[in-house]
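S.K.: Quick one: sequence plus predicted model below, questions after.
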Amino acid sequence: MKLQFYNSVTSKKEEFKSLSDKEVLVYGCGPTVYNSPHIGNFRTFVFYDLLNRVLLQNGYVVKNVINITDIDDKIIDRVNNEGVGFKELTQKYERIFLDQSSTINILPSTFNPRASEHISEMIDFIKALMAKGVAYNIDGNIFFDTKEYSKYGKFVNIDDDNLSREDNELGKKHPNDFALWKAWKDSDGEITWESDWGNGRPAWHTECAVLGTQLLGDSIDIHCGGIDLKFPHHENESAQVEALLGNKFANYWLHSEHLIFDSEKMSKSLGNTLSISDLLTKYSAETLRLFLLSSHYRSKVSFSEKKLDDSSKMIDKINRFVNNVDLATIDINGVDYSRFHLDFLDALNDDLNTPEALGVFFDFINTVNKNINNDSMTDDLRIQSKIFINLFNSIFCVINTSSSDKMFIPKDIQNLASLREEMRSKFEWNEADKLRQMIDNLGWLIEDTKDGQKLIQKK
RNA sequence: GGCGUCGUACCCAAGUGGUCUAAGGGAUCGGUUUGCAAAACCGCUAUUCGUCGGUUCGAAUCCGACCGACGCCUCCA
């Protein structure tokens, strides 16, 4: 199946055609770095990573940006009210974001630009918009004039009569007009930059518009973000770029749905968040990642620990399978892709259908387990398995391959296990079972296989 | 108020006009296996897809109404 995505602009699945043959340009809105990202934020970031990996799987070279929003009201609040330094605060949370991204197996982006390091380009961009007559200055605030841009409203049906907007204190001409530059106020403190219109700072929509065009170009292939950014953020971002440059900014707009917590969207504003670091004390990064990938990116998902437990069990099942097929000695040359491989790739190419793809992988596990179970495992099937496991893991990244620490079995556990083995050989079942219970209490499971007992650390 | 998304088994979750008496995972129960377990395998668990109508030879899938959940219109992944 050809690669296709659901495009938020047309509300349809569309076949993906890249601007250039080889390279694909992708922009994803990144975190605002005033505190730690939560699992809901990471749903979107893992979605970016999924998109990235599926593009790579399709043979594209991906050039992508995930920006760091380090100029924002909440950052300014924290800096001015808590006596922390601007850089100190933003770089601390930027670091946490990048570290956690890596923990959860997100591939690094080509660029992670900070808004604060591209101010002069933003000023030039705004100047150009003013010169074009689509932006105006009211007391040092620069606004985009939505009435001067005929295509405003690509993502929503705009009905001016039904806007329930805030009071227009700043004097915008039209309700939908939005800020490109915000004039300095007392509460901004030291956080300010000089411009032709006096001191102030760029507004969020402009930050992304400029970072995207500066680093990737005037036209990009894919722009993505969480669904809450569709309007007004992405509307405003693309309005600026398209009004200025006269071309389509992004060909495909992809939006991921929210993670719901206690029947509300999980968000920093609502305060109902769960941080990655908290969840990692109880669940592995692989479990969190599989949880996020086990429903489709465009459907709402309610968070629950039950789901994480289910994901954890899936991971166990996958890992047992990987261990059981005994791949070490297999040479993977010259085998055709099986039906499973093709179905798996088709599912991913069909708008990143990870639940479907996961189903195909489990079907495959079942097929191979059947063969193992009745001793009809062939080299051919072993090779198929190795290829498919590699393929699966290149997208899902939930098989713990660097498990040297997992393979390590403490001496005391080993001793108890060999003692149990000895008791079993002497048919001392009661003693053997007692030892198994002891080992269990210490956090290890025993599986008796044809090749002797196997120790597995409990999660 | 306006705009939009969604409602599939005990739980989660694909499928969006015929191959659907609906994939896959978890859970339960029964079986094979095992010294007993565990794991693996087999079987059972939705003739039904929020409700009620309509279109169609045919609908979970299209249309309408209603009920329910959530999101956006203000910062937000």
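M.R.: Received it, and whenever you're ready, just let me know what you need.

S.K.: use CA for all of it now, contacts and neighbours both
M.R.: OK.

S.K.: shaky segments in the stretch 351-459 of chain A?
M.R.: A:401-407, A:459 (pLDDT under 70).

S.K.: Run through the strands of it in chain order.
M.R.: Along the stretch 351-459 of chain A, the segments classed as strands by DSSP state E, counting those that start in this stretch run A:444-449, A:452-457.

S.K.: Serialize those to CSV and add fields for distance to RNA strand B and mean neighbour count.
M.R.: CSV is the format used below for the strands of the stretch 351-459 of chain A (distance: least, C-alpha to the nearest atom of the strand, whole Å; neighbours: other C-alpha atoms under 10 Å):
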stretch, distance to RNA strand B, mean neighbour count
strand A:444-449, 4, 13
strand A:452-457, 7, 14
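
S.K.: Out of those strands, flag the one nearest A:Phe125.
M.R.: Closest approach to A:Phe125 among the strands of the stretch 351-459 of chain A (C-alpha to C-alpha): strand A:452-457, 56.7 Å.

S.K.: Helices along the stretch 201-350 of chain A, start to end?
M.R.: Remark: helices assigned in the stretch 201-350 of chain A by DSSP state H, counting those that start in this stretch are A:204-215, A:235-245, A:276-280, A:285-293, A:305-324, A:339-349.

S.K.: any low-confidence regions in chain A?
M.R.: A:159-167, A:326-337, A:401-407, A:459.

S.K.: can you list the domain ranges for it.
M.R.: Chain A breaks down into these domains under automatic domain parsing: A:14-265, A:282-396, A:409-457.

S.K.: okay, how far is it across the second one, tip to tip?
M.R.: Read it as domain A:282-396. The first residue of domain A:282-396 is 20 Å away from its last residue (C-alpha to C-alpha, to the nearest Å).

S.K.: same deal with the last one?
M.R.: Using C-alpha to C-alpha, the end-to-end distance of domain A:409-457 comes to 8 Å.

S.K.: ok so, going back, do you know which of the strands of the stretch 351-459 of chain A lies nearest A:Ser187?
M.R.: Closest to A:Ser187 of the strands of the stretch 351-459 of chain A, according to C-alpha to C-alpha: strand A:452-457, at 53.9 Å.

S.K.: between that closest one and strand A:444-449, how many degrees?
M.R.: Taking axes from the mean of the first three to the mean of the last three C-alpha atoms, to 10 degrees, one finds that strand A:452-457 is oriented at 150 degrees with respect to strand A:444-449.

S.K.: What angle do helix A:305-324 and strand A:452-457 make with each other?
M.R.: 140 degrees.

S.K.: in terms of contact count, name the helices or strands touching strand A:452-457.
M.R.: Contacts defined by 3 or more C-alpha pairs under 8 Å, 6 or more residues apart in numbering; DSSP states H and E place strand A:452-457 against strand A:444-449.

S.K.: So what are the sheet partners of the strand it packs on and their directions?
M.R.: The pairing partners recorded for strand A:444-449 under DSSP bridges are strand A:452-457 (antiparallel).

S.K.: starting at the chain centroid, how far to the partner strand?
M.R.: 35 Å (C-alpha atoms, centre = their mean, to the nearest Å).

S.K.: what residues does that strand touch?
M.R.: Contact with strand A:452-457 is made by A:406, A:409, A:421, A:443-448, as judged by C-alpha atoms under 8 Å, 6 or more residues apart in numbering.

S.K.: In chain A, which residue sits nearest RNA strand B?
M.R.: Of the residues in chain A, the one nearest RNA strand B is A:Gly226, at a distance of 2.4 Å by C-alpha to the nearest atom of the strand.

S.K.: my read: that residue touches A:Val46, true?
M.R.: No. Taking C-alpha atoms under 8 Å as the definition, A:Gly226 is not a contact partner of A:Val46, at 11.3 Å.

S.K.: End to end on stretch A:68-86, go ahead and measure it.
M.R.: End to end - C-alpha to C-alpha - stretch A:68-86 spans 14 Å.

S.K.: In that stretch, which of the residues would be classed as buried?
M.R.: The neighbour-count check on stretch A:68-86 (16 or more other C-alpha atoms under 10 Å) flags A:68-72, A:75-76, A:78-80, A:86 as buried.

S.K.: what's next to that stretch, contact-wise?
M.R.: A:30-34, A:89-90, A:94, A:112-116, A:187-189, A:191, A:201-204, A:207.

S.K.: run the last query once more with 10 Å
M.R.: A:29-35, A:87-94, A:97, A:111-117, A:187-192, A:201-204, A:207-208, A:211 (C-alpha atoms under 10 Å, 6 or more residues apart in numbering).

S.K.: Let's see which of those end up in strands.
M.R.: If you go by DSSP state E, the contacts of stretch A:68-86 have A:201-202 in strands.

S.K.: can you list the domains of chain A in TSV and add distance to A:Leu274?
M.R.: Putting the domains of chain A into TSV (distance: least, C-alpha to C-alpha, whole Å) gives the following:
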stretch	distance to A:Leu274
domain A:14-265	5
domain A:282-396	10
domain A:409-457	26
